[in-house]
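> using only what follows, build the 3D model:
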Amino acid sequence: MTPFDWQRILLDDFPLLFIAEVSMRALFAFAAVFAFLKISGRRGIRQLSVFELVIILTLGSAAGDVSFYEDVPLLPIIAVFVTLLGLYRFTVLLMTRSPRFGSWLEGKPVTIIRDGLYELHSLNRHDISADEFFMELRQQGVEHLGQVRLGILETDGDVSLFFHTPDQVRPGLSVLPPEHRPEFRQAPASDLYACSHCGFPQVLESQQEMNCPRCGHRCWCKALTHPRLH
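Have a look, this model is predicted:
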């Protein structure tokens, strides 16, 4: 083998016209995945459940093979498409007939925030990344947890938020990035702080160290009280 053999790297032994065939195969693969999304009634990946995402990934894997490998014919990919579509339709039918089966397959919405505090059992059970969740909250205009009356993690990964009115906003844990949300084990000054793990607000005196009475963690951030700006 000759290193940096550009003929081998770029095209190997295939004729130049094979590039046109690859383009045609790629268009076919795109059309198959696009057709599945249209037929299934979904408008985008954000709406896909875990089950639907597995279906799309399986179809995408088959479509990827047919795009690049000259020895993979097109008709078997059509068979894969029909099989997956049939499986999808059959599973949706089962889910409409049996809510218990639907809950087992796709999961249930999970309450993450209630009255400005994290739901501890939800955090521990679902192993939710705080950084990603904080980013989701910031993108919906949330500055601290006290602004949120109810936060629900939907089965498709979206977060539904219901807010306190301005006069009902509570002191809450900041969801800003770490450089705007310093954490302390020892309070630098007498002030109102929020537990960095569960959001519980607590007045701490200067130089005081304290475990959170709600979750037992020892790190605190200064609690924010600003109302949400629409």
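> for residue 220, which non-adjacent residue is closest in space?
residue 193 (3.9 Å; Cβ to Cβ, 6 or more residues apart in numbering). Bear in mind the C-beta positions are built from the backbone N, C-alpha and C, glycine included.
> name the SS class of that neighbour, please.
Put simply, residue 193 is strand when judged by DSSP: H, G, I helix; E, B strand; the rest coil.
> show me what contacts the nearest residue to residue 186 once chain neighbours are set aside?
Leaving aside its sequence neighbours, residue 186 sits nearest to residue 209 (Cβ to Cβ, 6+ apart; 5.1 Å). Shown in contact with residue 209 (Cβ atoms under 8 Å, 6 or more residues apart in numbering): 185-187, 218.
> what does residue 209 show for phi and psi?
Residue 209 adopts backbone torsions of phi -110, psi 140, taken as degrees, to the nearest 10.
> residue 220 now?
phi -130, psi 150.
> can you report how many residues lie near the residue nearest to residue 220?
25 (other Cβ atoms under 10 Å).
> relative to residue 107, how far out is the residue nearest the centre of the chain?
In the chain, the centroid-proximal residue (Cα atoms, centre = their mean) is residue 157; its distance is 4.4 Å. Distance check for residue 157 against residue 107: by Cβ to Cβ, to the nearest Å, it reads 10 Å.
> likewise residue 131?
Distance from residue 131 to residue 107, by Cβ to Cβ: 22 Å.
> more crowded one of those two?
residue 107 (16 against 10).
> who's in contact with that one?
By Cβ under 8 Å, 6+ apart, the neighbours of residue 107 are 49-50, 155.
> quick one: which of the residues you listed is nearest residue 118?
Ranked by distance to residue 118 (Cβ to Cβ), these are led by residue 155 at 19.6 Å.
> circling back: list buried residues within the contacts of residue 209.
With neighbours counted using 16 or more other Cβ atoms under 10 Å, the contacts of residue 209 contain these buried positions: residue 187.
> in TSV: the contacts of residue 209, plus secondary structure and pLDDT.
Listed next are the contacts of residue 209 as TSV, based on DSSP: H, G, I helix; E, B strand; the rest coil; pLDDT from 0 to 100:
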residue	secondary structure	pLDDT
185	coil	95
186	strand	95
187	coil	95
218	coil	94
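> may I ask which helix or strand of the chain has the lowest mean pLDDT?
One helix or strand of the chain scores below all others by mean pLDDT, DSSP states H and E: helix 120-126, with a mean of 75.
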